[in-house]
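Asks: Following is a predicted model, sequence given first.
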Amino acid sequence: MSDKPESNDTDPQDPRILIPGSEINPRREFLRSAALFTGTVAALGGGLEILTRRPGAGSAEAQGTDFVRPARLLGPYDTKEAVTPYQQATTYNNFYELGTDKADPARNAGSLKPRPWTVKIDGEVKKPQTVDIDTLQSWFPLEDRIYRMRCVEGWSMVMPWLGFPLAGLIRRLEPTSKAKYVQFTALLDPKQLPGQRSNVLDWPYVEGLRLDEALHPLTIMAVGLHGKVLPGQNGAPLRLVVPWKYGFKSIKSIVKITLTEKQPQTTWMSAAPSEYGFYANVNPAVPHPRWSQATERRIGELGRRKTLPFNGYADEVAGLYKGMDLRKNF
């Protein structure tokens, strides 16, 4: 997610659609059931066809329907909260490369071409290489994760991602002893990404993690959403997902991953260093300079709810920051 602040109360793009309680649980169970099929088939060698083929006219993908999948149990990191419906998850987005209005990414995503696509991996690794996205996906069984997602602007969703742990990729490439951080770079192509024709940010979009954050089992590289191929507006064909951090850390449409000895200078740190720090951990006790972070607005709900430290993942990740001043290292 990117970070142009929105009003907490009067957002003209706010899709505050109440979902009747009678519909939430059946849909949630359907989505949970839908979330296994691709990961299961991928583990057997067939899931890549689902995630990489171009949808034909009349196909389930083209019609925007969910693939039917066997039921599964919730994983150790899945939230039990109601999943944000596909329509809202794909039409209320921050992706400045496709425009700064919430509706722009969905409106402009057709210009983004996720195939052919390669990812360059270099820096402090013993096996630097450039790999095709389909080959990259084939290296790992795909897993589904139902994660909270909290935007720095003060709104949130619950997203059913499909992807693989970043740790598996990093270990496969064998980091050197000098590797301390991971830098991610997004696609730079104004023809595909019309938002890059403006100077609202310094392109290409760059983000970074400390190596131990990147290796944490919660950190994934997503290639799917809601049981479907990852839509352009959500960062196709490959995006980072770090659920305990504000959404702008989860960079979209990645073309390069670089392991470095020095902390990367990220895009939002460059744009507004007093407002956006390197860590960007969800912290209700540390307000943004222009608004409180103590509460959030869940898309699809009226009112506001309390923001959870580390977005509800404190038990899993707080130890990464032991001894750090989380106000200074915001």
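Replies: Alright, I've got the coordinates.

Asks: how about the strands in the stretch 101-250 of the chain?
Replies: Taking DSSP state E, counting those that start in this stretch as the criterion, the stretch 101-250 of the chain carries its strands at 118-123, 129-132, 143-150, 155-165, 181-186, 206-210, 220-225, 228-229, 239-241.

Asks: For residue 324, find the nearest of these.
Replies: Residue 324 lies closest to strand 206-210 among those, at 10.7 Å (Cβ to Cβ). Where C-beta positions appear, they are placed from N, C-alpha and C, glycine not excepted.

Asks: strands paired with that closest one, and their directions?
Replies: Applying DSSP bridges to the sheet, strand 206-210 is found paired with strand 181-186 (antiparallel).

Asks: residues making contact with the strand it pairs with?
Replies: Defining contact as Cβ atoms under 8 Å, 6 or more residues apart in numbering, one finds that strand 181-186 is touched by 97, 123, 166, 170, 204-211, 214, 240, 251-264.

Asks: can you check stretch 193-203 too?
Replies: Residues outside stretch 193-203 that contact it (Cβ under 8 Å, 6+ apart) are 2, 95-100, 104, 108, 111-112, 187-190, 204, 253, 267-268, 270-271.

Asks: Average pLDDT for it, rounded please.
Replies: The pLDDT scores in stretch 193-203 average 98.

Asks: Identify each buried residue in that stretch, please.
Replies: 193, 194, 195, 196, 201, 203 (16 or more other Cβ atoms under 10 Å).

Asks: swap in stretch 295-314?
Replies: 296-301, 304, 307-313.

Asks: repeat for stretch 179-192
Replies: 179, 181, 182, 183, 184, 185, 186, 187, 189, 192.

Asks: okay, the residues you listed in CSV with distance to residue 227 next?
Replies: Shown next, in CSV, are the buried residues of stretch 179-192 (distance: Cβ to Cβ, whole Å):
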residue, distance to residue 227
179, 34
181, 33
182, 28
183, 31
184, 25
185, 28
186, 25
187, 25
189, 28
192, 25
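
Asks: from the residues you listed, which is closest to residue 321?
Replies: Of all these, residue 321 sits closest to residue 181, with 15.2 Å by Cβ to Cβ.

Asks: hey, what's that closest one bridged with?
Replies: Bridge pairing for residue 181 - DSSP bridges - gives residue 210, residue 260.

Asks: how much space between it and residue 171?
Replies: Using Cβ to Cβ, to the nearest Å, residue 181 is found at 16 Å from residue 171.

Asks: tell me the helices in the stretch 201-330 of the chain, going along the chain?
Replies: 211-214, 267-271, 314-317 (DSSP state H, counting those that start in this stretch).

Asks: Is it possible to get JSON lines of those helices that adds mean pLDDT and distance to residue 222?
Replies: Output for the helices of the stretch 201-330 of the chain, formatted as JSON lines (pLDDT from 0 to 100; distance: least, Cβ to Cβ, whole Å):
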{"stretch": "helix 211-214", "mean pLDDT": "98", "distance to residue 222": "14"}
{"stretch": "helix 267-271", "mean pLDDT": "97", "distance to residue 222": "19"}
{"stretch": "helix 314-317", "mean pLDDT": "98", "distance to residue 222": "18"}
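
Asks: Save these as TSV, and put in distance to residue 151 too.
Replies: Below are the helices of the stretch 201-330 of the chain laid out as TSV (distance: least, Cβ to Cβ, whole Å):
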stretch	distance to residue 151
helix 211-214	19
helix 267-271	12
helix 314-317	18
